[in-house]
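Participant: sequence and predicted model, in that order:
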Amino acid sequence: METIQCSKRPKNGSFDDSDNETLLPGLPDDLAQHCLSSLFPSLLFSVCHPWRRLLYSPSFPPFFSLYALFSPLQNPTTISHGEVAHRNSIEFFSFDPLSSAWRPLPSPPQNPPLHLLHRHPSFLSRKLPIQSLTVSNHLVLIAATTHNFSPALSSPLLFHPESNRWFYGPQISTPRRWCATGAVRGVVYMASGVVGSYYRGDVARSMEQWDLNQKSESWVWENKAQLKDGRFSREAVDAVGYRGKLCMVNVKGNAVKEGAVYNVELDKWEEMPCGMVAGWNGPAATMDEDVIYVIDEVKGSLSKYDAEKDCWVALIELEQLKRAEQIAARRGKICAVPANGEKIIVVDVGEERAAARFWEVAPPRGFEVVAVHVLPRITRQQ
């Protein structure tokens, strides 16, 4: 079979960076791009710089990358001249699977100043929740805590990889330190939660939605059907979008818990099926809002939910998945973050295999992983 090549081959093991290179000899670039789009991204990345630049260009179908929130291992609070200076303790990075490299995202807007605290200097053993999710190919931050135990975000903070920029969403009527949050069909839902130092019954029972499918000038939070009580205000809760419904449990791990299901179409809260809540023993996520996966953080087992039988079907059990705290599911992969945040475990569930295929991704030196997401790669020129 004839080998496809660029018009100029690498010299002495390096790529020729000439701007005059064409993608394929004898073809206009638009036709060449159409031909190359069917190839694996790893092949385009490895052959030559013109193909690599095409791979990261806005016109080329994007491959997917890991996006992670990191916390520095060292205490981010410093003391200068007897005064304590607090700064943001969260950094944002993207992992390019082709170059196997972490790259920092652009700095978020600093007006107002952003203070997201993962560990408070006075309570180092306790982690403070920072709630993020992926919606319509955006990374969205919903709730977090500042150094003075106040809500850190008065509006959602979004990052759009394909435009490589941050921006704010609509103002939240009552900012939270934590809440129950999730998304269904491009609509973000925020329920219950804690405002600050005080419990508020109206907030603990509240439910609001924000539709990202609308134009940004029309973005607004809308009140929806209230919860019957405030039992979901105890912890930061990941609500899982599943077949037109939002599913969530009120506490994490293997503790006895209660579940609730919000029917998006009917604007109505329903009881969670008994089998679903019984097997919800760790972090959960959905693949394309069609299949729910959960990791039992004690056993390290990964299971998926069978709605017809109302039971969880075990897929694999891995030592590396024990004590998992957060997971993301997309493109046939489950990405898990363990409690110590020392790595990201990626499990391939896209194909049936006798043995599980998994691998680990180490964070940048000096950081621990707080949360991981899967989104399209950032558009850039290589």
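Facilitator: Done, it's in.
Participant: confirm N281 sits in a strand?
Facilitator: No. Using DSSP: H, G, I helix; E, B strand; the rest coil, the assignment for N281 is coil, not a strand.
Participant: how about the contacts made by the nearest residue to it once chain neighbours are set aside?
Facilitator: Leaving aside its sequence neighbours, N281 sits nearest to D296 (C-beta to C-beta, 6 or more residues apart in numbering; 4.4 Å). For glycine as for every other residue, the C-beta is placed from the backbone atoms N, C-alpha and C. Taking C-beta atoms under 8 Å, 6 or more residues apart in numbering, we find D296 in contact with N254, N281, G282, S303.
Participant: what's the helix or strand harbouring A191 packed up against?
Facilitator: With secondary structure defined by DSSP states H and E, A191 is part of strand 187-194. Contacts defined by 3 or more C-beta pairs under 8 Å, 6 or more residues apart in numbering; DSSP states H and E place strand 187-194 against strand 138-143, strand 178-184, helix 201-204, strand 207-211.
Participant: tell me where the model's unsure across the stretch 201-350 of the chain.
Facilitator: Counting by pLDDT under 70, the stretch 201-350 of the chain contains no low-confidence range.
Participant: which stretches of it form helices?
Facilitator: 201-204, 274-278 (DSSP state H, counting those that start in this stretch).
Participant: tell me how far the last one is from the chain's mean position?
Facilitator: Distance, stretch centre to chain centre, for helix 274-278: 25 Å (C-alpha atoms, centre = their mean, to the nearest Å).
Participant: go on, the shortest one?
Facilitator: The chain centroid and the centroid of helix 201-204 are separated by 27 Å, computed with C-alpha atoms, centre = their mean.
Participant: could you export that helix as PDB, CA atoms only?
Facilitator: Extracted in PDB, the C-alpha atoms of helix 201-204 (Å, rounded to 0.1, in the frame of the first residue of the first chain):
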ATOM      1  CA  GLY A 201     -35.300  26.100  54.300                       C
ATOM      2  CA  ASP A 202     -36.400  27.800  51.100                       C
ATOM      3  CA  VAL A 203     -33.000  27.200  49.500                       C
ATOM      4  CA  ALA A 204     -32.800  23.600  50.800                       C
END
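Participant: list the buried residues in it.
Facilitator: Neighbour-count burial for helix 201-204, with 16 or more other C-beta atoms under 10 Å as criterion, is recorded at V203, A204.
Participant: quick one, domains of this protein?
Facilitator: Per the record, the chain has its domains at 1-61, 64-376, by automatic domain parsing.
Participant: wait, P108 sits on R165?
Facilitator: No. Using C-beta atoms under 8 Å, P108 is not in contact with R165, being 9.9 Å away.
Participant: what touches both of these two?
Facilitator: F159.
Participant: who's more crowded, those two?
Facilitator: P108 (18 against 13; other C-beta atoms under 10 Å).
Participant: send me stretch 26-46 as PDB with only the CA atoms.
Facilitator: Below are the C-alpha coordinates for stretch 26-46, written out as PDB (Å, rounded to 0.1, in the frame of the first residue of the first chain):
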ATOM      1  CA  GLY A  26      -1.600  17.800  -6.100                       C
ATOM      2  CA  LEU A  27      -4.800  18.500  -4.100                       C
ATOM      3  CA  PRO A  28      -6.300  21.700  -2.900                       C
ATOM      4  CA  ASP A  29      -6.300  22.000   0.900                       C
ATOM      5  CA  ASP A  30     -10.100  21.800   1.300                       C
ATOM      6  CA  LEU A  31     -10.200  18.500  -0.600                       C
ATOM      7  CA  ALA A  32      -7.100  17.200   1.200                       C
ATOM      8  CA  GLN A  33      -8.700  18.000   4.500                       C
ATOM      9  CA  HIS A  34     -11.800  16.000   3.500                       C
ATOM     10  CA  CYS A  35      -9.500  13.000   2.800                       C
ATOM     11  CA  LEU A  36      -7.500  13.400   6.000                       C
ATOM     12  CA  SER A  37     -10.500  13.700   8.300                       C
ATOM     13  CA  SER A  38     -11.100  10.000   8.100                       C
ATOM     14  CA  LEU A  39      -7.700   9.100   9.500                       C
ATOM     15  CA  PHE A  40      -6.900   8.600  13.200                       C
ATOM     16  CA  PRO A  41      -5.800  11.800  15.000                       C
ATOM     17  CA  SER A  42      -2.700  10.000  16.300                       C
ATOM     18  CA  LEU A  43      -1.600   9.400  12.700                       C
ATOM     19  CA  LEU A  44      -2.100  13.000  11.700                       C
ATOM     20  CA  PHE A  45      -0.200  14.200  14.800                       C
ATOM     21  CA  SER A  46       2.800  11.900  14.100                       C
END
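Participant: list phi and psi for N111.
Facilitator: Here is the backbone geometry of N111 (degrees, to the nearest 10): phi -130, psi 100.
Participant: ok, it to F93 distance?
Facilitator: 23 Å (C-beta to C-beta, to the nearest Å).
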